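Engineer: missing the sequence, but the structure's below:
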């Protein structure tokens, strides 16, 4: 996957930053996008520095860059959208002409907190899920895959920790899902699970609210989810 | 918990039968309810026979009985509702005057299949979840706890298998949840997790549709779900 | 519209019977469908008799026939589905191979009563509406139009009464909507309103539950809905 | 109703301003609330001026004042919330300690536009409706009534026009609804209809999205809704 660059729209936010850090560590070229190019560049700088401190010898070939969202989308081969639901539609509209046939990986969770509700509650979007809303906003040529909703951003940002979570992947384009799977496996502790068509993201997105509820009840920072009963070769 | 009898409304169905079998094996007195008392008695007879074959020496104190739903509710200390969503409201109406302050454990999953849709799709009930609909139908004195949605009925019915699944428990009455927890722990392989207030059942119920989707994708019979990141004493 | 035959699937139910009666009176050839052909024939006979009694001189050219659902679909040029939500999917599956490019007019309202809830409450279907569920179940060649949800079946069945209701028509195929409009206008008291794409049926279906609530509050039998602020030529 | 003052939270927005103008014209003392007191005062000044120009002789007893939201809530006997869904929860939290047993009239419509979707689409809130979300955020002593969702703000703001719309009123407190009814009748062209319990606001709120769809289809500015089949004395 040497030539595959991942663009992370919203790469200065918690989840985007965490994913960028983990993929950077795995040697994947990462392009961090932000509405504010200087913030993207600063995030790229921080990631590079963190990785150099963490594993000086492995970091010779790091390629972490920051740029504005539209260019991050245009220069990447896979584009991960990691923004709050309140920004999802506006940012998708701003990058959609740059996407072409690149895979858009939507990570958006429609938590009710976006409209003043609790983070353990959801908004039910008209299209059924945030990923389905992304699908409606994008041209048919752009495959949409939903993933990474349930992974703790905090764990990803802490290189001394290892996530313990399956990534439930939803999408109507099987080839696109298969393209995304190896990138999930590059992050130790994450395991990709094919959860079915894109409409299943309605349920997968909701699991995040459930994990937030569990975090509160058990006073733990990073609960996650695992699917049992599969016999997968790792 | 010697004096605690569990009544299982819908105990002749797959989930109810499986739970009755497991609790019977654990030595809990079980009262199987059915609209048809003779079917309830037949199910009780089959469970008793299965347990005697399976572990003859342990089965001396088995107490598995069958009776009609209303009496099953009246004679138990905890009442588990294990019926399809299409029957949930009608059966609750038929037993509600027998419930008093007994805990009602709702296991109902509003799969779209109930109205001709797919088993990987959900119906969104007006109250937000099947458990919330149960709550609305029952008197305030009856605590409602939601649980067991995600456990494979097939695994429970097969005594040679061990479930590998957390039981996400939702409810607004903490004491009622705490009362239900030990009964979950009596079934090897199940672990109770407090998922928060009853409204969280909206998400927990949905996970069943997700697991059905996973079962199909991976051609496995019994996927389950585990929450990670907790450090619980077992 | 002399050659246009309307097939009414579920023509023995309240809404279907009422529409058949009104279109019969307007001189439209009607084919009543039922799962039970003899019930369809009996309904056709009753409608013919009612119309002959009501207006003997106008009824010389009546063409009201009864037949099973699949044949009713096959022989009509427009097919109206007038069945409860609990039967919608199964009946659509049974007639879909007969539909071809005929317009399917869905009238289904997903009242919560279908699963034991109140008739003033709704089920939110996975696809967003009953009409969207119909759309998903039918081949792309069959246009789906949603209409007639808010019209009182009781008023339609009572030839001495005149409905006072707009028919909010939803659909993604403008030509199909335009084909249905004149048939609505044939029933005195009904006015077709283009409510937009098929997804708007999510709201239009809900208005029926609202009217049921209003009927109860005001102890009236047949409230209806009118849109104001339009200047339409009749 | 001489001593009844209406407080309008969000009285500088389109709907709030329109209602203030109409109630001012009807002689009701109005307190306009805004997060920014100076904007509230400016709106009050504009309304007073408009009414003086419109009907100089009737405007001697005008009482239109502007103040911040919390004080507007504290000084009024009925409090109308007229803010976008994106602000509803935050503003309710800011005024709830001032409400006491005053009636809160919620007018909020959860249009999908709040999260980048279309104004003809809705968000389904976790509690079922915007009014139910308001109910959850407020103390039990504060009655919540839902109303005015479907009335065109543009018509209200144009004193040369007369609205042509029913106001569907939802609420669980019948006395509170009865208190609100006369205030609706004070605005010529509006007719209050009791639509049932607060949960019916889920449907009433949706009608606004439907009317927006109709406005677009018919290129009209102010469609409205009327319920037929009632025989009410005006």
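Structural biologist: Nice, I can see it. In this text the structure is predicted, and so the values were computed from the model without any measurement.
Engineer: just say helix, strand or coil for residue A:92.
Structural biologist: What DSSP: H, G, I helix; E, B strand; the rest coil gives for residue A:92 is helix.
Engineer: ok, for it, nearest residue in space, not its chain neighbours?
Structural biologist: Nearest non-adjacent residue to residue A:92, counting by C-beta to C-beta, 6 or more residues apart in numbering or on different chains: residue A:137, 4.7 Å away. Just so you know, the C-beta spots here come from the backbone N, C-alpha and C atoms, and that holds for glycine as well.
Engineer: which residues touch the residue nearest to residue A:86 when sequence neighbours are not counted?
Structural biologist: Excluding its sequence neighbours, the residue lying closest to residue A:86 (C-beta to C-beta, 6+ apart) is residue A:114, at 4.7 Å. For residue A:114, the contact set (C-beta atoms under 8 Å, 6 or more residues apart in numbering or on different chains) comprises A:84, A:85, A:86, A:123, D:115.
Engineer: which single one of those residues is nearest to chain B?
Structural biologist: residue A:123 (12.2 Å; C-beta to the nearest C-beta).
Engineer: wait, the closest one touches residue A:109, no?
Structural biologist: No. Residue A:123 lies out of contact with residue A:109 (C-beta atoms under 8 Å); the separation is 9.6 Å.
Engineer: which of these two has more neighbours?
Structural biologist: Neighbours per residue, other C-beta atoms under 10 Å in any protein chain shown: of residue A:123 and residue A:109, the larger number sits with residue A:109, 27 against 24.
Engineer: can you tell me the SS state at that one?
Structural biologist: Classification of residue A:109 by three-state DSSP places it in coil.
Engineer: quick one: neighbours of the residue nearest to it when sequence neighbours are not counted, just the number.
Structural biologist: If the residues on either side of it in the chain are set aside, residue A:109 comes closest to residue A:208, at 4.5 Å by C-beta to C-beta, 6+ apart. When neighbours are counted by other C-beta under 10 Å, residue A:208 registers 24.
Engineer: helix or strand: which one has residue A:208?
Structural biologist: If you go by DSSP states H and E, residue A:208 is part of helix A:201-218.
Engineer: that helix: how far from the chain's middle?
Structural biologist: Distance of helix A:201-218 from its chain centroid, counting by C-alpha atoms, centre = their mean, to the nearest Å, is 16 Å.
Engineer: measure the residue lying farthest from the centre of chain A to residue D:88 for me?
Structural biologist: When distances are taken from the C-alpha mean of chain A, residue A:57 lies farthest, 27.1 Å away, according to C-alpha atoms, centre = their mean. Per C-beta to C-beta, to the nearest Å, residue A:57 is found 54 Å from residue D:88.
Engineer: which residues in chain A form helices?
Structural biologist: For chain A, the helices defined by DSSP state H occupy A:14-25, A:37-54, A:69-75, A:85-99, A:130-137, A:153-157, A:174-185, A:201-218.
Engineer: in CSV: those, plus mean pLDDT.
Structural biologist: Formatted as CSV, those follow (pLDDT from 0 to 100):
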stretch, mean pLDDT
helix A:14-25, 97
helix A:37-54, 95
helix A:69-75, 96
helix A:85-99, 97
helix A:130-137, 98
helix A:153-157, 97
helix A:174-185, 98
helix A:201-218, 98
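Engineer: residue D:130 is nearest to which of those helices?
Structural biologist: For these, proximity to residue D:130 was assessed by C-beta to C-beta; helix A:85-99 is nearest, at 16.7 Å.
Engineer: which secondary structure elements does the closest one contact?
Structural biologist: Counting contacts by 3 or more C-beta pairs under 8 Å, 6 or more residues apart in numbering or on different chains; DSSP states H and E, helix A:85-99 packs against helix A:69-75, strand A:78-81, helix A:130-137.
Engineer: can you tell me which of these is most buried?
Structural biologist: strand A:78-81 (a mean of 26; mean count of other C-beta atoms under 10 Å in any protein chain shown).
Engineer: that strand close to chain D?
Structural biologist: No. Using C-beta under 8 Å from any C-beta of the partner chain, we find that strand A:78-81 stays clear of chain D, coming within 12.6 Å at best.
Engineer: give the pairing partners of that strand; include direction for each.
Structural biologist: Partners of strand A:78-81 in the sheet, by DSSP bridges, are strand A:6-9 (parallel), strand A:103-106 (parallel).
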